[in-house]
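# dropping the sequence and predicted coords here.
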Amino acid sequence: MFDIFGAITERNRYASWIEAERAQRKPAMDRGENQCVRCGWCCARRTCVPTPEELPAIAAHLGLEVAELIRRYMVGDRMFGHNFLRFANAAQGDVLGQFLSDLRTYDRGDCLLYQDGGCLIWLVRPKDAQDQVCWEENGSSHEAIESWADGEMEKFGVKDFSEECDYEDW
């Protein structure tokens with residue numbers, strides 16, 4: 001059974017954490033800039049979502065096969081009625097290559113690919129990351145999420161087991 005009060009509590013904790021990260025990192029909007037200052041705030045706030053077509057170039061850039069990229073750095077997620085793959089954050093390292101339960105959406109930490117103050121895939125980062133405009137309060141789109149067709153995530157070996165999850169364990 002889904003724990004709605006637990007979900008609300010986690011969402012509130014996450015919102016507090018995000019505000020603390022924003023204050024510490026000082027994204028472009030807080031600096032009066034209108035371009036990326038590479039502070040990593042968007043990499044902590046919401047990891048980017050590559051389209052299925054972008055995965056091979058990202059994997060090649062890292063010297064990996066697509067399956068290995070997914071196993072080492074990605075998780076399955078659901079939003080706006082779409083199942084999709086996205087890069088995991090540091091707190092989700094235990095569920096790499098798997099589908100997140102709803103409560104794990106609020107795990108905290110930088111994207112696994114944001115290391116030592118920079119993005120490991122900056123040169124081939126997904127359009128979703130390129131389109132982040134942190135100098136605008138609502139500067140993100142859902143195009144990448146919507147690019148994932150039903151069943152496409154499963155083609156990459158990530159099974160949607162969300163119906164089978166015992167959410168109370170999360």
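Good, I have the coordinates.
# what residues are up against the spatially most central residue of the chain?
Geometric centre of the chain, nearest residue: residue 47, 2.7 Å, by Cα atoms, centre = their mean. Residues in contact with residue 47 (Cβ atoms under 8 Å, 6 or more residues apart in numbering) are 86, 87, 88, 89, 111. C-beta: built from backbone N, CA, C; applies to glycine.
# equivalent analysis for residue 80, please.
142, 145, 146.
# name the nearest residue to the first one, ignoring sequence neighbours.
Closest residue in space to residue 142, ignoring its immediate chain neighbours: residue 80 at 5.8 Å, by Cβ to Cβ, 6 or more residues apart in numbering.
# repeat for the last one
The shortest distance from residue 146 to any residue other than its chain neighbours is 6.0 Å, reached at residue 82 (Cβ to Cβ, 6+ apart).
# my guess is the one you found meets residue 144, correct?
No. With contact defined as Cβ atoms under 8 Å, residue 82 does not reach residue 144; the gap is 9.6 Å.
# neighbour count winner among these two?
residue 144 (23 against 18; other Cβ atoms under 10 Å).
# these two touch, right, residue 158 and residue 85?
Yes. Counting by Cβ under 8 Å, residue 158 touches residue 85, with 6.2 Å between them.
# please say which of those two ends up with more neighbours.
Between residue 158 and residue 85, counted using other Cβ under 10 Å, the more crowded position is residue 85 (26 against 23).
# doesn't that one belong to a strand?
Yes. Counting by DSSP: H, G, I helix; E, B strand; the rest coil, residue 85 is found in a strand.
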